[in-house]
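S.K.: Need coordinates for the following:
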Amino acid sequence: MKRLLIVLALLTLVLGMALPAGAQDAPAGEWLGTWPYAAPGTHHLNGFAAGGLNDNLGLVYRTFVHLSPAYYLWGTNEYVGLLAESWGFVDDNAAYEFTIKEGAMWSDGSPVTSQDVVDTFDIGRILNWSQWSFLTSVEAVDDSTVRFNFTEGGASLNAERQILKEYVSPSATYGELAAQARQLVADGATSESESWTALSTAIAEFRPDVLLATGPYTYTLDDVGEAFMTLRWQPNSLYSGSVNFGTLKIWAGETEVTTPLVLSGELAHSTNVYPPATIESFAAEGIRLVTTPRGYGPALLFNFTVPPFDNVLVRQAMAHAINREQSALLTNGLGASGTVYLSGILDSIAPNVLSQETLDSMNRYEYNLEGAAALMEEAGYARNADGKWADAEGNTISVEYTFPADFADFSAAARDATAQLNEFGFDITERALPWQEAAAAIRASDFQLSVWSWGAGSPFAFANMNNPVRRWTTALAEDQPGLQLNIREFDYNGETVDLNDLILNVSTGLDTAAQQERAGYLATLLNSQMLYIPLNEMLSVEPLNEAAIAGGPADGDAIYANPSNDHFIIWLILNGTLSDARVQ
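M.R.: Prediction:
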């Protein structure tokens, strides 16, 4: 009997060690949030494919399932480790390393190892991840330490950010695909090879049956409903013992769907964009509103195979013909501002990245209908008897403007741009689609004009200038033509430049003066060529209903300096600051 008691005691100790302290029972709280995830039937669990985890969980909720190595606090300009215990440059900045925290586990109880990280990045190589513009290889130093070897001069603070922000996926799920990726590289295949394209397609079509998580939550396809989906607490995360919510209930839908849910209290926090009148109604109901940088704005996108958008003079004329302050007001009320510099970098970030000389040199494309008309005439257009711009053959600019109907900000920006351009003399009709179809239409080049985000909530030029130029061209799959713009061989000032390479390398190195010079050249190019029209930059005014959420820091707290892609609720939920106000 004594021996049996000893065995039982040891078994209890082992089981207790397998779970984070205090995390054996799920917390009682329920988080009430929202994200426009894919509906049952199309929803899938692939973390590397369109329509998978990035789309279904987004910048806010993906971290609760797959931890990234670290999280950036903008207010204090520092990283805090999530999956990583330590990190930094090594070998005279020829490489970067991070070490995984002791005790980090997947939801099935298996340890997180350096192989998981290596496999994640090897798959990313096949998918043309931008990290591979500055990496030569990713290797396991030991079971918990990973080394990222740089190309010559590839070390940079931007490279650090791209490494530390990448979600780590499980080798148990993706290891076979990663092994195929390594073999292709070893065999000398390139992104132009048929075998490379075939593997990229196989990765995109892969559909895992189970979602293994390092974050404190996971879910199955059975947890995905038409109205809401549920992320469920799992005991094996480093953060299972600190979070205060047993479930994250995520309502489907955008502004129109979520507005009544916020007012009824069924939805406690939302990143959706609400018009000024709706925000006022939230305040009238006593719902707290938190304002943070959104880290992007809506941009008018061109299909460059559709005349006359292949003509830079027409694009410049359109920039002059749109009142961007009006665009901002109609997009997000006082939570947006019309773009000033049109440099490819958000106005709020540009002064930290570009020299004053560069900023002063930017064509601000001020609202000027006479100047816009002069550019149209220079491009060979004249107004016809109906006041519409027509070319020498009498063809008017009769096109469609595609936009996501369920994104209040993008749809408002698109409708306002359509109205302003039609008043100027274009003949544009609206084409509203569900947001997933609108994004797919851009990827497939099934559009003439469209709207999506520009810029990024990043302190570096690369992330800003990457979106939307590379995002909708070279960063797409081989069979997705996107904007139909050849940025690898781009004509500029009488020479052919590799715009793709310029963007990839704009933030490389640790020489800030050299970075500023490269960013200045790119800003001048983007400003003069007007490859997209950055309509405005947005703030995020988000309901945080304190009838359901307790612990929210006071207004002015440094955490609210974080833009949407380093969203404040990620850190506040993981570290246990936020809890369910309804649970005693």
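S.K.: in a strand, that's where residue 115 is, yeah?
M.R.: No - under DSSP: H, G, I helix; E, B strand; the rest coil, residue 115 sits outside any strand and is assigned helix.
S.K.: Contacts only, for it.
M.R.: Contact analysis of residue 115 by Cβ atoms under 8 Å, 6 or more residues apart in numbering lists 140, 171, 175. (Glycine included, C-beta is placed from N, CA and C.)
S.K.: can you pull the contacts of the second one?
M.R.: With contacts defined as Cβ under 8 Å, 6+ apart, residue 171 is in contact with 113, 115, 116, 119, 178.
S.K.: if we can go back for a sec, take the contacts of residue 115 and keep only those in helices.
M.R.: Using DSSP state H, the subset of the contacts of residue 115 located in helices is 171, 175.
S.K.: Can you tell me which of the contacts of residue 115 is closest to residue 555?
M.R.: Nearest to residue 555 among the contacts of residue 115 is residue 171, at 43.3 Å by Cβ to Cβ.
S.K.: where's that closest one relative to residue 113, distance?
M.R.: 8 Å (Cβ to Cβ, to the nearest Å).
S.K.: Reformat the contacts of residue 115 as TSV; add pLDDT and distance to residue 81.
M.R.: As requested, the contacts of residue 115 are arranged in TSV below (pLDDT from 0 to 100; distance: Cβ to Cβ, whole Å):
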residue	pLDDT	distance to residue 81
140	98	19
171	98	21
175	98	25
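S.K.: for the contacts of residue 115, which one is nearest residue 214?
M.R.: Looking across those and measuring by Cβ to Cβ, the closest to residue 214 is residue 171, at 12.2 Å.
S.K.: What is the burial count for residue 60?
M.R.: 21 (other Cβ atoms under 10 Å).
S.K.: How about it: what's its closest non-neighbour residue?
M.R.: With sequence-adjacent residues excluded and distances taken as Cβ to Cβ, 6 or more residues apart in numbering, residue 60 is closest to residue 567, at 4.9 Å.
S.K.: right, and the one you found touches residue 271 too?
M.R.: Yes - at 7.3 Å, residue 567 and residue 271 qualify as touching, with contact defined as Cβ atoms under 8 Å.
S.K.: who touches both of these two?
M.R.: Residues touching both residue 567 and residue 271 (Cβ under 8 Å, 6+ apart) are residue 60.
S.K.: Strands of the stretch 51-200 of the chain, residue ranges please.
M.R.: In the stretch 51-200 of the chain, strands defined by DSSP state E, counting those that start in this stretch lie at 70-73, 78-81, 84-90, 95-100, 135-140, 145-150, listed in chain order.
S.K.: possible to save the ones you listed as JSON lines with mean neighbour count and distance to residue 369?
M.R.: Output for the strands of the stretch 51-200 of the chain, formatted as JSON lines (neighbours: other Cβ atoms under 10 Å; distance: least, Cβ to Cβ, whole Å):
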{"stretch": "strand 70-73", "mean neighbour count": "20", "distance to residue 369": "43"}
{"stretch": "strand 78-81", "mean neighbour count": "15", "distance to residue 369": "48"}
{"stretch": "strand 84-90", "mean neighbour count": "16", "distance to residue 369": "52"}
{"stretch": "strand 95-100", "mean neighbour count": "22", "distance to residue 369": "51"}
{"stretch": "strand 135-140", "mean neighbour count": "18", "distance to residue 369": "48"}
{"stretch": "strand 145-150", "mean neighbour count": "22", "distance to residue 369": "50"}
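S.K.: who's in contact with the residue nearest to residue 60?
M.R.: 59, 60, 271, 292.
S.K.: Which of these fall within helices?
M.R.: 59, 60.
S.K.: Return the closest of the contacts of residue 567 with respect to residue 86.
M.R.: Using Cβ to Cβ, the contacts of residue 567 come closest to residue 86 at residue 59, 25.3 Å.
S.K.: measure the residue nearest to the closest one when sequence neighbours are not counted to residue 264 for me?
M.R.: Using Cβ to Cβ, 6+ apart and skipping the chain neighbours, the partner closest in space to residue 59 is residue 565 (4.7 Å). The gap separating residue 565 from residue 264 is 29 Å, by Cβ to Cβ.
S.K.: So the two - more neighbours on which side?
M.R.: A count of neighbours by other Cβ under 10 Å puts residue 565 above the other of residue 565 and residue 264, at 19 against 9.
S.K.: Wait, a strand at the more buried one?
M.R.: No - applying three-state DSSP, one finds residue 565 to be helix, outside a strand.
S.K.: if we can go back for a sec, among the contacts of residue 171, which one lies nearest to residue 66?
M.R.: Ranked by distance to residue 66 (Cβ to Cβ), the contacts of residue 171 are led by residue 116 at 10.0 Å.
S.K.: that older thread, reformat the contacts of residue 115 as CSV; add distance to residue 432.
M.R.: Output for the contacts of residue 115, formatted as CSV (distance: Cβ to Cβ, whole Å):
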residue, distance to residue 432
140, 49
171, 42
175, 42
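S.K.: What are the neighbouring residues in contact with the closest residue to residue 472 other than its chain neighbours?
M.R.: Among residues not flanking residue 472 along the chain, residue 482 sits closest, at 4.2 Å (Cβ to Cβ, 6+ apart). By Cβ under 8 Å, 6+ apart, the contact list for residue 482 reads 442, 443, 445, 472, 473, 476.
S.K.: Make sure I have this right: the fourth one is in a strand.
M.R.: Right, the one you point to is residue 472. No - counting by three-state DSSP, one finds residue 472 to be coil, located in no strand.
S.K.: Going forward, the N-terminal residue is numbered 25.
M.R.: Sure thing, new numbering starts at 25, so read that last one as residue 496.
S.K.: Quick check: it touching residue 466?
M.R.: Yes - the criterion here is Cβ under 8 Å, and residue 496 meets it with residue 466 at 5.7 Å.
S.K.: got any residues that touch both of these two?
M.R.: Common neighbours of residue 496 and residue 466 (criterion: Cβ under 8 Å, 6+ apart): 325, 476, 506, 507.
S.K.: if I read this right, the last one contacts residue 323, doesn't it?
M.R.: No - no contact is recorded between residue 507 and residue 323 when judged using Cβ under 8 Å, the distance being 11.3 Å.
S.K.: Now for the two: what residues contact both?
M.R.: In contact with both residue 507 and residue 323: residue 492, using Cβ under 8 Å, 6+ apart.
S.K.: circling back to that earlier point, mind listing which of the shared contacts of residue 496 and residue 466 are in strands?
M.R.: Of these, the ones assigned to strands by DSSP state E are 325, 476.
S.K.: which one of the shared contacts of residue 496 and residue 466 sits closest to residue 151?
M.R.: For the shared contacts of residue 496 and residue 466, the closest approach to residue 151 (Cβ to Cβ) belongs to residue 506, at 14.8 Å.
S.K.: quick one, phi psi at the closest one?
M.R.: Backbone geometry at residue 506, expressed as degrees, to the nearest 10, gives phi 60, psi -130.
S.K.: quick one: it from residue 426, how far?
M.R.: Counting by Cβ to Cβ, the separation of residue 506 from residue 426 is 13 Å.
S.K.: Common neighbours of those two, please.
M.R.: residue 466.
S.K.: pLDDT below threshold where in the protein?
M.R.: 25-48 (pLDDT under 70).
S.K.: how does it divide up, domain by domain?
M.R.: Following automatic domain parsing, one finds the domains of the chain at 51-89+239-312+568-608, 114-229, 321-562.
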